[in-house]
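Student: how does the following fold in three dimensions:
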Amino acid sequence: MTKERLYIYDTTLRDGQQTQGVQFSTPEKVQIAEMLDALGVDYIEGGWPGANPTDSAFFDEKLNTNATIAAFGMTKRSGRSAENDDVLAAVMNAGTDAVCLVGKSHDFHVKTALNIPLDENVDNIKASFKHIVAQGREALFDAEHFFDGYKSNPDYALETVLAAYNAGCRWVVLCDTNGGTLPDEIGEITKAVIAAGIPGKNLGIHTHNDTENAVAGSLAAINAGARQVQGTLNGLGERCGNANLTTLIPTLLLKPQLAKRYETGISVKALQGLLKTSRQLDEILNRVPQRQSPYVGASAFAHKAGLHASAILKDPSTYEHIEPERVGNARIIPMSNQAGQSNLRKRLSDAGLAVEKADPALGRILDLIKEREGQGYSYDTAQASFELLARRELGQLPEFFEVKRYKVTVERRKNKYNKMVSLSEAVVVVKIGGDKKLSVSESMDAAGNDRGPVNALAKALTKDMGPYQDVINDMRLVDFKVRITDGGTEAKTRVIIDSEDGAGVRWSTVGVSPNLVDASFEALLDAINWKLIRDMTPE
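Tutor: Numbers count the residues shown, from 1 in each chain. As a prediction, this is how the structure comes out:
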């Protein structure tokens, strides 16, 4: 059976940049484009040239990619020709092989937003795409609000997309701009468009996630005949986001009923880098990855219940729909007060600790976990702290250093500009072998901003670790979560710290104390000890 080709169109750099709080620099856009090209997408929409300096600068880079770079703009405005529309000219002047123009396909928007006659909007669409095609560019029409327009006035919605297609458009993209159309509707309307005269090989789908149906809607359009699918990495996009390509791509490649019908430009080998690509984008955005994200989330293959873990040990397919390694992820057996010995032995095995079933240490470790979780600790997410706890109970925890004392001070004062600022300073004394080392650090960063007492502690603790300094130089704190576990005057604070090293390895540790700084320090110590064990313990 011959597979049909599906084309992946990424709009992270344009539609994804419309996410609240997201603004890519030009170097970041270049980096993301290179990531997408390495993954194997077919089209990379770079932005709207002329709309802002960053997008214009991106197109000046003239990237050498296998993917087709597309510039985005809008159909020509009324009252001028396509050749004399300066907004359209800026898009054309970007020099890209593909040009995507958005235009109205909903009669309500034509009358209300554009305030022009319906036939004039159709004429603008025709003229715009004839102009693009005449210059030898691959043309795409983003039919804005198409599904709402079709439900309101199907004849007019079809007239707009047929105008673009008949003017030479390679791709007519049906947009669920408001994200409110359900998958069964999308499927039926896509079939109606094909029946009206636009072949599926010229149809694309662009969905938004306002009902959490963007991926499902995209799949419905594909199964109805559309052969291009648009989306963004990690589901970035305005409001609730766009169809998430980190979900769509592996679904298309790994689900048998789809994989046997369709092929994409993304190889199985490239798919193994999907998690890394997703994390790289989060790193650029300086945000914490979503743990529950399908395929690439840290919890996507986490098995907490003892019954599940027992079955996973016998056959992972009992509770996993794919092998996590196929997208670059890994299986996790978290430890919690719900854990049984199956979870425990599997987690210990993953950490390189082989323990026999009959070893009494297993019972002691489980009892200790349950006792400490009763005190406020959480080993469900803090896998590194769990490993240290288990090693300690098994007598396999080396003592690399000893903290003799630490002190943190926080001072609030006026600076030379007569502005009130805070400054934290930390002193840490550690003993390594027979040597004591005293380190002092403050929390001020290069920009003159105070980063807080925990930052000062982390800097002081990692400032001079003697023979271990080279091992910890590349580690950094990437997330810091605080929760009060009990109310009232005896409240306890739980701190979860996520750390990462230069190789991209990420680990989580936990500390609990009535004192926020003390809880943070405990988690910091675990983070450093786990790094030293991983990098210095012989295999």
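Student: show me the contacts for the residue nearest the centre of the chain.
Tutor: Averaging the C-alpha coordinates of the chain gives a centre point, and the residue nearest to it by CA atoms, centre = their mean is residue 234 (3.9 Å). Neighbouring residues of residue 234 by CB atoms under 8 Å, 6 or more residues apart in numbering: 244, 246, 278, 281-282, 290, 293. In short, each C-beta sits where N, CA and C put it, glycine included.
Student: check those and tell me the two furthest apart.
Tutor: Comparing every pair within the contacts of residue 234 by CB to CB identifies 244 and 282 as the most remote, at 13.1 Å.
Student: more neighbours, these two?
Tutor: Per other CB atoms under 10 Å, whichever of residue 244 and residue 282 has more neighbours is residue 244, with 25 against 17.
Student: the more buried one bridge partners, please.
Tutor: On the basis of DSSP bridges, residue 244 takes part in beta bridges with residue 232.
Student: and the pLDDT at residue 237?
Tutor: On the pLDDT scale, residue 237 is placed at 97.
Student: residue 439 belongs to a strand, doesn't it?
Tutor: Yes - secondary structure assignment (DSSP: H, G, I helix; E, B strand; the rest coil) places residue 439 inside a strand.
Student: how many neighbours does the closest residue to residue 462 other than its chain neighbours have?
Tutor: Beyond its immediate neighbours in the sequence, the residue positioned closest to residue 462 (CB to CB, 6 or more residues apart in numbering) is residue 472, lying 5.4 Å away. Residue 472 has 18 neighbouring residues, counting by other CB under 10 Å.
Student: give the contact list for residue 472.
Tutor: Contacts for residue 472 (CB under 8 Å, 6+ apart) come out as 462, 465, 528, 531-532.
Student: low pLDDT regions in the chain?
Tutor: Residue ranges of the chain with pLDDT under 70: 1, 304-310, 312-313, 333-340, 342-343, 446-448, 486-490, 537-539.
Student: state which helix of it is the longest.
Tutor: helix 516-536 (DSSP state H).
Student: could you export that helix as PDB, CA atoms only?
Tutor: Backbone C-alpha positions of helix 516-536 (Å, rounded to 0.1, in the frame of the first residue of the first chain) are rendered in PDB as follows:
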ATOM      1  CA  LEU A 516      12.400  28.300  54.100                       C
ATOM      2  CA  VAL A 517      16.100  28.800  53.800                       C
ATOM      3  CA  ASP A 518      16.900  25.600  55.700                       C
ATOM      4  CA  ALA A 519      14.600  23.600  53.500                       C
ATOM      5  CA  SER A 520      16.200  25.200  50.400                       C
ATOM      6  CA  PHE A 521      19.700  24.400  51.700                       C
ATOM      7  CA  GLU A 522      18.700  20.700  52.300                       C
ATOM      8  CA  ALA A 523      17.500  20.500  48.700                       C
ATOM      9  CA  LEU A 524      20.700  22.200  47.400                       C
ATOM     10  CA  LEU A 525      22.900  19.700  49.300                       C
ATOM     11  CA  ASP A 526      21.000  16.800  47.800                       C
ATOM     12  CA  ALA A 527      21.400  18.300  44.300                       C
ATOM     13  CA  ILE A 528      25.100  18.500  44.700                       C
ATOM     14  CA  ASN A 529      25.500  15.100  46.200                       C
ATOM     15  CA  TRP A 530      23.500  13.400  43.500                       C
ATOM     16  CA  LYS A 531      25.600  15.100  40.800                       C
ATOM     17  CA  LEU A 532      28.800  13.900  42.500                       C
ATOM     18  CA  ILE A 533      27.500  10.400  42.800                       C
ATOM     19  CA  ARG A 534      26.400  10.200  39.200                       C
ATOM     20  CA  ASP A 535      29.600  11.700  37.800                       C
ATOM     21  CA  MET A 536      32.200  10.200  40.200                       C
END
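Student: so how far is that helix off the chain centroid?
Tutor: When C-alpha coordinates are averaged (CA atoms, centre = their mean, to the nearest Å), helix 516-536 and its chain have centres 26 Å apart.
Student: check which helices and strands it is in contact with.
Tutor: Helix 516-536 makes packing contacts with helix 383-394, strand 402-414, helix 453-461, helix 469-472, strand 476-484, strand 493-500, strand 506-513 when contacts are defined by 3 or more CB pairs under 8 Å, 6 or more residues apart in numbering; DSSP states H and E.
Student: now these in TSV, with distance to residue 106?
Tutor: Formatted as TSV, the entries for these read as follows, by distance: least, CB to CB, whole Å:
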stretch	distance to residue 106
helix 383-394	50
strand 402-414	56
helix 453-461	51
helix 469-472	58
strand 476-484	42
strand 493-500	44
strand 506-513	45
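Student: out of those, which comes closest to residue 16?
Tutor: Of these, the one closest to residue 16 (CB to CB) turns out to be strand 476-484, at 21.4 Å.
Student: what sits against the residue lying closest to residue 510 once chain neighbours are set aside?
Tutor: Closest residue to residue 510 in three dimensions, ignoring its sequence neighbours and counting by CB to CB, 6+ apart: residue 382, at 3.7 Å. Residues near residue 382 by CB under 8 Å, 6+ apart: 496, 508-510, 523, 526.
Student: sorry, back to before: how near is the residue nearest to the centre of the chain to residue 247?
Tutor: For residue 234, the distance to residue 247 under the criterion CB to CB, to the nearest Å works out to 9 Å.
Student: return every residue with contacts to both of those two.
Tutor: residue 293.
Student: need the contact partners of the strand or helix carrying residue 258.
Tutor: With elements taken from DSSP states H and E, the one containing residue 258 is helix 256-259. Outside helix 256-259, the residues that touch it by CB under 8 Å, 6+ apart are 219, 222, 251-253.
Student: same thing with stretch 122-133?
Tutor: Under the contact criterion CB under 8 Å, 6+ apart, stretch 122-133 has outside partners 75-78, 81-83, 88, 92, 99, 101, 103, 139, 141, 159-160, 163-164, 166-169.
Student: with stretch 438-447 instead?
Tutor: The list of residues contacting stretch 438-447 from outside it, by CB under 8 Å, 6+ apart, reads 423-430, 450-453, 455-457, 459-461, 463-464.
Student: run the last query once more with 7 Å
Tutor: Surrounding stretch 438-447, the residues in contact under the criterion CB atoms under 7 Å, 6 or more residues apart in numbering are 423-429, 450-453, 455-456, 459-460, 463-464.
Student: filter the residues you listed down to the buried ones.
Tutor: When the contacts of stretch 438-447 are checked for burial by 16 or more other CB atoms under 10 Å, the buried set is 424-428, 450-453, 455-456, 459-460, 463.
Student: and stretch 192-212, how far out from the chain's middle?
Tutor: Here stretch 192-212 shows a centroid-to-chain-centroid distance of 26 Å under the convention CA atoms, centre = their mean.
Student: show me the contacts for the residue nearest to residue 331 when sequence neighbours are not counted.
Tutor: Counting by CB to CB, 6+ apart, the nearest residue to residue 331 once its immediate chain neighbours are dropped is residue 301, at 4.7 Å. Residue 301 makes contact with 320, 324, 329-332, according to CB under 7 Å, 6+ apart.
Student: which one among those residues gets closest to residue 270?
Tutor: Nearest to residue 270 out of those is residue 329 (CB to CB; 14.9 Å).
Student: in three-state terms, label the closest one for me.
Tutor: Under three-state DSSP, the three-state class of residue 329 is coil.
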